[in-house]
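Visitor: Build me a structure from this.
(one chain, ligands or ions: 1)
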Amino acid sequence: MTSHSTSRLYQEAAANVDQATAAIDMDPKVRHILSAPMNELIINFPVQRDTGDYEVLQGYRIQHNNVLGPYKGGIRFHPGVDLDEVRALATWMTFKCALLQLPFGGAKGGVAIDPHLLSDAELERVVRRFTHSLGENIGPEFDIPAPDMGTDARTMGWMMDTYLNSRGPGERQNARRVVTGKPVELGGSLGRDSATGRGAAYALRHLYGELDRTLVGETAAIQGFGNVGSHAAVALSELGVKIIAIADVTGVVHDPDGLDVEKLRAHADDRGGVADYPQSEGLRVEEFFALDVDILVPAALETQITAANVDSIRARVIVEAANGPVTAEAAAVLEHGGVHVIPDILANAGGVVVSYYEWVQNKTSDRWTAKDVDERLRDAMWDAADRVANRRLERRCTRRQAAYMEAASLLQTVYGLRGIFP
Ligand code: GLU
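Guide: Residues are numbered from 1 along each chain as shown. Below is the predicted model:
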């Protein structure tokens, strides 16, 4: 990729792209196009605090590529958000959508705030003002935001309402699909909330099928107990996996006999995190990663498994439910040691898959059942996992490389068929 940026995370994303485009002998013109985001928006916008004071926040929307369809990707609210992180995340969205063969491109947005430190009224003002400032840079056939870390269905409801208020009355119904991951009552899809976690579980089931092993009785540790981690925990428990540890920002809980995921969810809802859950012992984060488990699911932030802690990992399977949780360096060590890593653009694709279903339902004024959505999600995940497995065998490479190659091939084909304007 070009030396567009120097941040660690963007370098990770750039390396993923470089490796894949080289491995499939991609046309250099297309490589160049994919090596930098198409559009990068930096928006400084004022927000009034409850004290009456104003603060100017910086928000981003990076539109990486739209050759396959409208730009698509979440909006992240987290104190660590910066331009380079959003660039990396937007790049990964292009490859994720291509791998799942969705008619979407890749984008990501973010604001460097801690939503937990804002009142509801302040948060709503941030969302509405940011959406207003995005203006015509988002749209139901142009760029479609969704939830990501620190944002949720309520955030999407406010975004949708703000956007619709900028449209003429005759256009409003049709523009609801400007965001996905909305509350069901506002046109959201059943099953969108649990989609990323359930999708990760489907990817894991596929891997165990490939290995001819059963998930029943396997042990797992999950990092992150937000939208992705908590739904992954439920889905894995349904498959007979024993969840023995869960870590979140408040602490780590561990019970070698298996945690009761539903009880832990109720506790975390009530107390704002897993800490102090009675039926468990606490652990330090280093101990969490070194637990003797079969499956490790990093479902929180990026760059969690690195050269610094990879040697302590004892799990034999890693499901990258977060975006970029394992660095390339750590992944190489793991794969060399025979650990199976389900790469993020496959493992966490369930969210954007069901976002697509939501968009289609809105576009056709239809409402699918939860069963319908879940079956389609399963089929989409297994189809992508099949293609990754086949390419991996064919090319004798890692699953991560195979996933990127699979995505890059589609992008290459589409550019080849369309040609490059002018
Ligand atoms: N934020 C999610 C992701 O990283 C979902 C994106 C979407 O649904 O558009 O894949």
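
Visitor: give me the number of residues near whichever residue of the stretch 1-150 of the chain sits closest to the ligand?
Guide: Among all residues of the stretch 1-150 of the chain, residue 74 sits closest to the ligand, at 2.7 Å; criterion: CB to the nearest ligand atom. Any C-beta I mention is one placed from the backbone N, CA and C, and that applies to glycine too. Using other CB atoms under 10 Å, residue 74 has 27 neighbouring residues.

Visitor: that's a strand at it, yeah?
Guide: Yes - when DSSP: H, G, I helix; E, B strand; the rest coil is applied, residue 74 is found to be in a strand.

Visitor: ok, it - contacts?
Guide: Each residue near residue 74 by CB atoms under 8 Å, 6 or more residues apart in numbering is listed here: 89, 108-109, 145-149, 151, 181, 351.

Visitor: Report the secondary structure state of the most far-flung residue of the chain relative to its centre.
Guide: Distance from the C-alpha centroid of the chain, by CA atoms, centre = their mean, peaks at residue 52 (35.3 Å). At residue 52 the chain is in coil, as set by three-state DSSP.

Visitor: List the residues that contact it.
Guide: Contacts of residue 52 by CB under 8 Å, 6+ apart: none found.

Visitor: roughly how far apart are it and residue 235?
Guide: 45 Å (CB to CB, to the nearest Å).

Visitor: about what we covered before: what values do phi and psi take at the residue farthest from the centre of the chain?
Guide: phi 100, psi -20 (degrees, to the nearest 10).

Visitor: In terms of pLDDT, where does it sit?
Guide: pLDDT for residue 52: 98.

Visitor: cool, the one 5 residues further on as well?
Guide: Confidence at residue 57, expressed as pLDDT, is 98.

Visitor: again with residue 421
Guide: Confidence score, pLDDT, at residue 421: 89.

Visitor: a helix runs through it, doesn't it?
Guide: No - checked against three-state DSSP, residue 421 lies outside a helix; its state is coil.

Visitor: Show me which residues of this protein are close to the ligand?
Guide: The chain comes close to the ligand at residues 72-74, 146, 148, 180-181, 323, 348, 351-352, 355, as judged by CB under 6 Å from any ligand atom.

Visitor: Which two of the residues you listed have the greatest separation?
Guide: Greatest spatial distance among the residues of the chain next to the ligand (CB to CB): 180 and 323, at 17.1 Å.

Visitor: Count the residues that sit near residue 272.
Guide: Count around residue 272 with other CB under 10 Å applied: 12.

Visitor: and what of residue 322?
Guide: Counted with other CB under 10 Å, residue 322 comes out at 26.

Visitor: From residue 301, how far out is it?
Guide: 6 Å.

Visitor: hey, what's in contact with both of the two?
Guide: Counting by CB under 8 Å, 6+ apart, the residues touching both residue 322 and residue 301 are residue 224.

Visitor: and residue 180 and residue 323? which has more neighbours close in?
Guide: residue 180 (29 against 25).

Visitor: was I right about that one contacting residue 157?
Guide: No - using CB atoms under 8 Å, residue 180 makes no contact with residue 157, being 11.7 Å away.

Visitor: Only alpha carbons, please: show stretch 284-301 as CSV.
Guide: What follows is stretch 284-301, C-alpha atoms only, in CSV (Å, rounded to 0.1, in the frame of the first residue of the first chain):
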residue,chain,number,x,y,z
ARG,A,284,-5.6,-10.6,35.7
VAL,A,285,-5.7,-10.0,31.9
GLU,A,286,-2.3,-11.8,31.4
GLU,A,287,-3.8,-14.8,33.2
PHE,A,288,-6.9,-14.6,31.0
PHE,A,289,-5.0,-14.9,27.8
ALA,A,290,-2.9,-17.8,29.2
LEU,A,291,-5.9,-19.9,30.3
ASP,A,292,-5.9,-23.5,29.3
VAL,A,293,-8.9,-23.4,27.0
ASP,A,294,-9.7,-24.9,23.6
ILE,A,295,-11.1,-21.8,22.1
LEU,A,296,-10.2,-18.1,22.6
VAL,A,297,-12.6,-15.5,21.3
PRO,A,298,-11.2,-11.9,21.3
ALA,A,299,-14.4,-9.9,20.8
ALA,A,300,-13.2,-6.4,22.1
LEU,A,301,-10.6,-4.1,20.7
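
Visitor: Now that stretch: buried residues?
Guide: Counting neighbours by 16 or more other CB atoms under 10 Å, one finds that the buried residues in stretch 284-301 are 288-291, 293-301.

Visitor: Where strands are concerned, which of those residues count?
Guide: 295-298 (DSSP state E).

Visitor: Tell me the one among these nearest to the ligand.
Guide: residue 298 (13.9 Å).

Visitor: Excluding chain neighbours, give the residue nearest to that closest one in space.
Guide: residue 325 (3.6 Å; CB to CB, 6 or more residues apart in numbering).

Visitor: what do you get for residue 102?
Guide: Per CB to CB, 6+ apart, closest to residue 102 is residue 356, 4.9 Å.

Visitor: okay but the one you found is in contact with residue 101, surely?
Guide: No - using CB under 8 Å, residue 356 is not in contact with residue 101, being 10.0 Å away.

Visitor: Looking at the two, which one has more neighbours?
Guide: residue 356 (23 against 17).

Visitor: Mind checking which of the contacts of residue 74 are in helices?
Guide: Per DSSP state H, helices hold the following members of those: 89, 351.

Visitor: can you map out the strands along the stretch 1-150 of the chain?
Guide: Along the stretch 1-150 of the chain, counting by DSSP state E, counting those that start in this stretch, strands occupy 39-48, 54-65, 71-77, 106-111, 143-147.

Visitor: scratch that, the stretch 201-350 of the chain
Guide: Going by DSSP E, counting those that start in this stretch, the stretch 201-350 of the chain shows strands at 219-223, 242-248, 251-254, 281-282, 295-298, 317-319, 340-342.
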